[in-house]
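Participant: here is the input, now give the coordinates:
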Amino acid sequence: MKLALVGTGNMGQAIEALAQRQGDEIVARFNEASPLPVDAEVSVLHGADVVLDFTLPHVVRAHIDAYCRWRIPAVIGTTGWYDQLEAVRQQVETHGAAVLYAPNFSLGVALLKHALQSILPLLERLPDYDVYIHEVHHTQKADSPSGTALMLAQRVIEGLSRKKRIEPETVHGRIASEALHVTSTRAGRVFGRHTVGICGPFDELIFEHRAASREGFAAGALQAARWLVGRRGFFSLDDMLHDWLKHTLSPATNPS
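Facilitator: Coordinates of the predicted model:
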């Protein structure tokens, strides 16, 4: 697979190192010192099969505009632009392009999200159980709360009727029962830690994902890139996982 890397920071470097070990070829690199020329032609990508973009919120929308115009499949790991999802979806569909985005490409986080989604219908019948989310990242993290924490929080809001809104700020006093408290800590070099706590009157459940290195995120991003090539549409990582699940559970692979 021929890859174009847009953003060569910590994540870009992790993706490049793993891609090279897997036999993929990096044919183009862009970063702050050598920005992606969004007004140029697709030839600036030197024949890449797919782009992986891990940049910053203030530039990523212009990048996505270019990927759509060029009709080059693009995996977007940049967060902080999700208020524009519907506009980007329409743009992707208009151009017949292919974009897959995720706030977190760790497959472990994907498993955590699916576990949470499975338990929420049961919590609906257990009103004494309350839910909170806490995340920890390194001090250079650009957004707070993280996109992953907000994604998990949105799942709770959608799946638990007694939670009406996300409260991402420190609360000096009692918190409203309909608020889902999402808190953040920034410390040291923590790659990422996401905790979903479910507190009942007699016990507490803790669902937690701890990233051991950036390589886990890189592996997920590269798997997403392979899945995206040859497709058209606006996708999240969930679409890839649902596609895997569909094939895993299909009668052809499970005759019983």
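
Participant: how about the helices in the stretch 101-250 of the chain?
Facilitator: For the stretch 101-250 of the chain, the helices defined by DSSP state H, counting those that start in this stretch cover 107-123, 147-159, 215-228, 237-248.

Participant: how about the CA coordinates for the second one, as CSV?
Facilitator: Right, the one you point to is helix 147-159. Extracted C-alpha coordinates of helix 147-159, given in CSV (Å, rounded to 0.1, in the frame of the first residue of the first chain):
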residue,chain,number,x,y,z
GLY,A,147,-12.4,13.4,21.3
THR,A,148,-12.5,9.8,22.6
ALA,A,149,-14.0,10.9,25.9
LEU,A,150,-16.7,12.9,24.1
MET,A,151,-17.4,10.0,21.8
LEU,A,152,-17.9,7.7,24.8
ALA,A,153,-20.0,10.4,26.5
GLN,A,154,-22.2,10.7,23.4
ARG,A,155,-22.9,7.0,23.5
VAL,A,156,-24.1,7.3,27.0
ILE,A,157,-26.3,10.3,26.2
GLU,A,158,-27.9,8.4,23.3
GLY,A,159,-28.3,5.2,25.2
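
Participant: so for it, what gets flagged as buried?
Facilitator: Within helix 147-159, the residues scored as buried using 16 or more other Cβ atoms under 10 Å are 147-153, 155-157, 159. In short, each C-beta sits where N, CA and C put it, glycine included.

Participant: nearest to Ala219 among those residues?
Facilitator: Nearest to Ala219, judged by Cβ to Cβ, of the buried residues of helix 147-159 is Thr148 at 16.2 Å.

Participant: so that closest one touches Ala110, yeah?
Facilitator: No: counting by Cβ atoms under 8 Å, Thr148 sits too far from Ala110 to count as a contact (10.3 Å).

Participant: pLDDT score for Lys2?
Facilitator: Lys2 is assigned 98 on the pLDDT scale.

Participant: please disregard the earlier target; I meant Thr8.
Facilitator: Reported pLDDT for Thr8: 94.

Participant: now swap in Leu249 and tell me
Facilitator: At Leu249, pLDDT is 58.

Participant: and what of the one 5 residues further on?
Facilitator: Asn254 is assigned 50 on the pLDDT scale.
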